[in-house]
Structures are given as C-alpha cells and as structure tokens.
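> predicted model and sequence below, questions to follow.
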Amino acid sequence: MTHDPQSLVPRAVDDAPSTGEAWSKNPGMPPAPEKFVETCEALLGAGDGMAGLKLILETIAVHQQEWQLSMAGASLVLRFTTRYDIVEILLRNVIRLQPDKVPAQAFLAHLQIVRGDLGGGCASFARMMATYPEHKAEIGEFISMSLLEVGYPAEALEVLKSLFKDGDETASLLNNAGCALERLNRSTEALPWYEKALRRDSGRKAIIFGYACTLIKAGQFERGWPVYFGRELQIGRQQEWLRAMPRLRPEVDVAGKRILLFQEQGLGDTLQFIRHASTLAARGARVDISVPQPLIRLLRHSFPDMTVLEPGVISEAGAYDYVSPIPDLPYITGMRTVHDIPAAVPYLSEVPSDRERMGALLPSGRPRIGLVWAGERRHRSEFALADMRRSISFNDMAGAILPADAIFVNLQFGAPREELKAWTGQMIYDPMGDVRDLADTAALMRGLDLIISVDTSPVHLAGALGCPVWLISRWDACWRWGDEGTGSPWYPTMRVFRSNQRSFQPVLEEVAKALRLWIDMRPA
C-alpha cells in the first residue's frame, strides 16, 4: 500500500539476448533492462530467490558499466529480499556511473531508514531536496514511503501535506497519502486519496490493492471485495498452472461443480476465510482444498466432507471446473456486511487423537495462558518491515505482564522461540518442541484458558477454535481488524487491544492491567 519501487526501473530499447546465461558470460551482450527485470522477477516472484539473486549478481558483475542494470537489480533485490547489503552495492555502482541519479540516492537514504538510522536517512533526504529542487515530488515519494514502512504514518502525512500545498500531486504521492491515513486508522478519509491516485494511474496494482484493503478496513465490503478480487495473485512456481484455470466468480452456479480452493497468502488468511468453504459445499459444490503441510490434518478433521490436499500432489488440472484463492471466498459467497460472516464458531476443531497427547505436555493448575509475541520471519522487504511493526520481543511482553498468578505456556514457533532461552523470570512452559503442525497447536490451545498474541496466524487459529483470545494489534492495524473497537465480527471470542502509538509499551501495560483483573475475577 505504498510507493512501488518498480516504477523507477529505467527503460531502454537495446535488444536483449534470449537467456540469462548469455548475459552473465558475454560482456558484449548486455540485456535490455526490461528483459532483465522480466527474467529476474519471474525467478524472484516464484520463490526461487537464490537463482534470482545469482542471475542479478552474475549479470551485473559482467556489465558493471551498465548503470541501468545496477538500478534495476537494486530495485528487484529491495522488492523481493532484505539483502540491503546487496542493494547498497548496486546503488553505489549506479552513483559511481551517474553521480546525480536521484532515484539511486533516494534508495540509499531509504536504506538508512529501514536499517534503523531514521535521523541519518531524513538528513540525506533533506540534502537531496536542497540539491535537486526540481525533483522535489520524486524525492517526496521516497521520503513518505520510507516513513510509512518503518511505522511513522503521521510524519509521512505531514511531508505529503507540504508537497500538496506546493502543488505536487503525483499518483504515488496521492497513494501514499491514502496509505498514511489508513495506517492512522482513518480509512474513510483515506478513500478519496486512493480514488484520486487511481484517476491519475488506473492500472497501478499497488494502488488498487491498497484501495481494496482500505475499503474493507472501512467496513465497505460490498465495494471492497470486488476490487480485492482484482489484486495480483501471490502464486508460486508450483502453483503456476492455476493461472490458466477458470477462476471462480460470484455469479457462477456451483451446484455439481468441482472446485479447488488454494492457499494464496499467509496461514492466517487461510484460517480466517476457509470458513466460507462450507457455504460452497452447501450450494452443491464438490470442494477440494490445497494448503501447506502445517494445515493438512487440521483442515481434514474440520472439513471431513472435503478433500484436503498438499499443493504438490495436484497434477490433473482438468479435473476442476473452477479454482479459487481462499481469500476470494468472502466475495464469492456474497459477503456484503458483517452480518454475512458465517456465524458458526468454532468452525475448526482439534483432532481427538491429539487432545490427550498434547494435553499431557501442559502443566497442572489453572489458569493457563498461552503467549505469542512475534510473527513469521519473512524474506521480502515489504513483508519483513510489516512484521517488524507487528512483532514485539519476548522480554517486552513478559516484562510487562509478568509476574502474575497464572501458568504461562509458550505458543511461539520459529526463530523468536529462541528468546526463551535467556529468560530468567517466572516459569514459562514450552511444549512447542513436540508440535508438528497446527493441529497440534489447536490441541494445545484447547487446554488453555486464554491466548494472548500479536497479529499473526495463532490469533486466527484461536479465534476459529472459539478459544478466548486477546489480540495485541499494532498501531497501524491490519485491514481485517477495522479502524476501532475492542472486538471483531470475525471472531466472537476475541478482545482487541489497540496500540495508539508506535511503541507497544502502553498497550502492553493495558494488557497487563486487564490480565490482573481477569485473573482476580476467575472463580476459585
């Protein structure tokens, strides 16, 4: 929902060789930047990051004097990875060849900010504004983008207001204003800015996606879902064949049709929207569901009348009449208001055979409270920065809410779980070493009295199971939680604690106070 760096890839008209191998071996055959971007983007976008990086670096090593390739490579690496070291090397090569290339200098200032040097990055931008006043709007796009990505929407909005006052109104600036207002939880105010941006550039996918999410966040589902349907799908190489299949639309009569639902985004999106699969089945569809391994057992048990498959086992594309990304389901099934959300909660359930096994890992005594403090570590820069905005450290969470007269259980998976090793405070029980998948996590959650989590997939799992769950939402709340309120129509057992500033400390103190009251009010 911010400025798209791809728009700054330089254009050229040179003929390109047909293969990346030729580019990286023949100094006399530099590719056209467009072809270079197309080839590398296909690798990076399909999840083949190492091959994409290898092609970028090998090609530019041979064609170091082609500044356009270094610029294009920097843009691609920044879009698809967090390898800021590589981005900086490529940008400095551009500046070596083109000292006054404004986008390259702006990218370097952006790198300073995303690496944590906010003051240094802003100072670099200020020097650029003084040196290149004729590029004020372009530099302003970068300044506002950078501030938005590291969680300073109010400051970004002030920069944008200054530019608008001077008459600078590019599509990217207008888009960034919409994004800033949405992240300030002023979604209704944001919509006219997105609409104005789209009048300037109706085909920009980043603007369309931001507009769709903001419509949904503002509660305008009937308008938002059709726009969201038009997003650029996040499909990896293994699922590429799905693009050629008929995509399910709301007007299709699904009775008797065989439909494949597939995971397109994160685990949380699948857990949130898979509830609508039952609506398709009730309308007479034969539904198959393709999801990653961590979801297989959970969904097979929760939807016994549907076939749940891993993506790699689907080989007969012609067997399906339609396919649908799981996040399309609210649109497909006709969700126009919150009253159209399927009311059956829980709609997921733990596997009975897991209940005793996982329950034996939990300590005796009550109340038992599960903790999750960080999201999944992601590789794309945009997503990694979003994860930094939603995640906290274990020490920050535990330091705020502990000690307390309760039993605390770790539900954190992945690299952030390692933070427990250094903890010396109140005992935290950690059964996650025995967890194989989300079915195991579901069985653990069933043995808890409360789950406290940041905005990541376990919060959706707890809500879908009907477990009491407290969401610690970041300041720039995700579109699915709306702009305000302490509850969610998606999950009746959820309580939302909303940060009102960039630091999580005040909202953690609010959670700690509520937790002490919750413990005190429990029956003996």
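Perfect, I can see it now. If you're wondering where the values come from, they're calculated on a predicted model, not measured in any experiment.
> would you list the phi and psi of residue 362?
Dihedral angles of residue 362 (phi, psi; degrees, to the nearest 10) stand at phi -90, psi 150.
> against residue 428, how distant is it?
13 Å (Cβ to Cβ, to the nearest Å). The C-beta positions use only the backbone N, C-alpha and C, and glycine is treated the same way.
> ok, now residue 130?
52 Å.
> quickly note the distance from residue 387 to residue 119.
Taking Cβ to Cβ, one finds residue 387 at 23 Å from residue 119.
> whoops, I mixed them up, residue 431
43 Å.
> the two: who's more crowded?
Counted by other Cβ atoms under 10 Å, residue 431 and residue 119 do not tie: residue 431 has more neighbours, with 20 against 9.
> residues contacting that one?
358, 361, 362, 409, 410, 444 (Cβ atoms under 8 Å, 6 or more residues apart in numbering).
> save these as CSV, and put in neighbour count and pLDDT too.
As requested, the contacts of residue 431 are exported to CSV (neighbours: other Cβ atoms under 10 Å; pLDDT from 0 to 100):
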residue, neighbour count, pLDDT
358, 23, 92
361, 18, 92
362, 18, 93
409, 22, 97
410, 21, 97
444, 26, 96
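> would you point out the most distant pair within those residues?
Farthest pair in the contacts of residue 431 (Cβ to Cβ) is 358 and 410. Separation: 13.3 Å.
> in the chain, which helix is the longest?
The longest helix of the chain (DSSP state H) is helix 505-521.
> list the helices and strands that one packs on?
In terms of contacts (3 or more Cβ pairs under 8 Å, 6 or more residues apart in numbering; DSSP states H and E), helix 505-521 is packed against helix 394-401, strand 450-454, strand 469-473, strand 494-498.
> repeat that for 6 Å
helix 394-401, strand 494-498 (3 or more Cβ pairs under 6 Å, 6 or more residues apart in numbering; DSSP states H and E).
> mind checking which of these is nearest residue 214?
Taking the helices and strands packed on helix 505-521 one by one with Cβ to Cβ, strand 494-498 is closest: 17.3 Å.
> C-alpha coordinates for the closest one, PDB please?
The C-alpha coordinates for strand 494-498 follow below in PDB (Å, rounded to 0.1, in the frame of the first residue of the first chain):
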ATOM      1  CA  MET A 494     -11.600 -12.100  20.600                       C
ATOM      2  CA  ARG A 495     -10.700  -9.000  22.500                       C
ATOM      3  CA  VAL A 496      -8.700  -6.400  20.700                       C
ATOM      4  CA  PHE A 497      -6.100  -4.300  22.400                       C
ATOM      5  CA  ARG A 498      -5.100  -1.500  20.000                       C
END
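> now the angle from it to helix 505-521?
140 degrees (axes from the mean of the first three to the mean of the last three Cα atoms, to 10 degrees).
> partners of strand 494-498, with directions?
Partners of strand 494-498 in the sheet, by DSSP bridges, are strand 469-473 (parallel).
> ok but residue 259 is inside a helix, no?
No. Counting by DSSP: H, G, I helix; E, B strand; the rest coil, residue 259 is not found in a helix; it is strand.
> hmm, residue 325 and it touching each other?
No. Using Cβ atoms under 6 Å, residue 259 is not in contact with residue 325, being 11.7 Å away.
> wait, which of the helices and strands packed on helix 505-521 is closest to residue 274?
Nearest to residue 274, of those and by Cβ to Cβ, is strand 494-498 at 17.0 Å.
> what does the closest one contact?
Residues from elsewhere that reach strand 494-498, judged by Cβ atoms under 6 Å, 6 or more residues apart in numbering: 463, 469, 470, 471, 472, 473, 486, 488, 507, 510, 511.
> among these, the buried ones, what's the PyMOL command?
Buried residues among these (16 or more other Cβ atoms under 10 Å), as a PyMOL selection:
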select buried, resi 463+469+470+471+472+473+488+507+510+511
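> list just the nearest of the contacts of strand 494-498 to residue 90.
residue 473 (36.3 Å).
> could you measure from the closest one over to residue 433?
29 Å.
> next one: residue 242
Noted for residue 242: a distance of 35 Å to residue 433, by Cβ to Cβ.
> and these two? Which one has more around it.
Between residue 242 and residue 433, counting by other Cβ under 10 Å, residue 242 is the more crowded of the two (22 against 8).
> what about the residue lying closest to that one once chain neighbours are set aside, how many neighbours?
Distances taken as Cβ to Cβ, 6 or more residues apart in numbering put residue 323 closest to residue 242, at 5.3 Å, once the chain neighbours are dropped. Residues near residue 323, counting by other Cβ under 10 Å, number 23.
> so what's residue 323 up against?
242, 245, 260.
> okay, now the unreliable bits of the stretch 151-300 of the chain?
Across the stretch 151-300 of the chain, nothing is flagged by pLDDT under 70.
> hey, where'd the strands end up in it?
Assigned by DSSP state E, counting those that start in this stretch, the stretch 151-300 of the chain shows strands spanning 258-262, 286-290.
> circling back: between residue 130 and residue 428, tell me which one has more neighbours.
The neighbour comparison of residue 130 against residue 428 (other Cβ under 10 Å) goes to residue 428, with 16 against 8.
> show me the beta-bridge partners of that one.
residue 408.
> pull the number of nearby residues for the nearest residue to residue 489 once chain neighbours are set aside.
In space, and not counting its chain neighbours, residue 489 is closest to residue 338: 3.9 Å by Cβ to Cβ, 6+ apart. When neighbours are defined as other Cβ under 10 Å, residue 338 has 12 of them.
> about what we covered before: could you export the contacts of residue 323 as a markdown table, including distance to residue 345?
Output for those, formatted as a markdown table (distance: Cβ to Cβ, whole Å):
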| residue | distance to residue 345 |
| --- | --- |
| 242 | 29 |
| 245 | 31 |
| 260 | 25 |
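> so where's this protein shaky on pLDDT?
For the chain, the ranges with pLDDT under 70 are 1-22, 24-26, 28, 46-48, 315-318, 377-384, 524.
> if you set the cut-off to 50 instead, what comes out?
1, 3-18 (pLDDT under 50).
> surely residue 107 meets residue 90?
No. Contact criterion Cβ under 6 Å: residue 107 and residue 90 do not qualify, at 9.1 Å.
> and the residue lying closest to residue 279 once chain neighbours are set aside, how far from residue 284?
Nearest non-adjacent residue to residue 279, counting by Cβ to Cβ, 6+ apart: residue 333, 4.4 Å away. Here residue 333 is placed at a distance of 13 Å from residue 284 (Cβ to Cβ).
> ok, residue 421 next?
53 Å.
> compare the two (neighbour count), which wins?
residue 284 (11 against 8).
> next one: phi and psi at the more buried one?
phi 100, psi 10.
> tell me, how many residues neighbour the closest residue to it other than its chain neighbours?
Excluding its sequence neighbours, the residue lying closest to residue 284 (Cβ to Cβ, 6+ apart) is residue 255, at 3.3 Å. Neighbourhood size, residue 255 [other Cβ under 10 Å]: 10.
> residue 50 too?
9.
> again, but for the one 4 residues further on
Burial of residue 54, expressed as a neighbour count using other Cβ under 10 Å, amounts to 15.
> with residue 139 instead?
Other residues close to residue 139 by other Cβ under 10 Å number 23.
> same check, this time on residue 343
10.
> wait, a strand at it?
No. Residue 343: not assigned to a strand; according to three-state DSSP it is coil.
> rewinding a little: surely the residue nearest to residue 284 touches residue 282?
No. Using Cβ under 6 Å, residue 255 is not in contact with residue 282; the gap is 10.3 Å.
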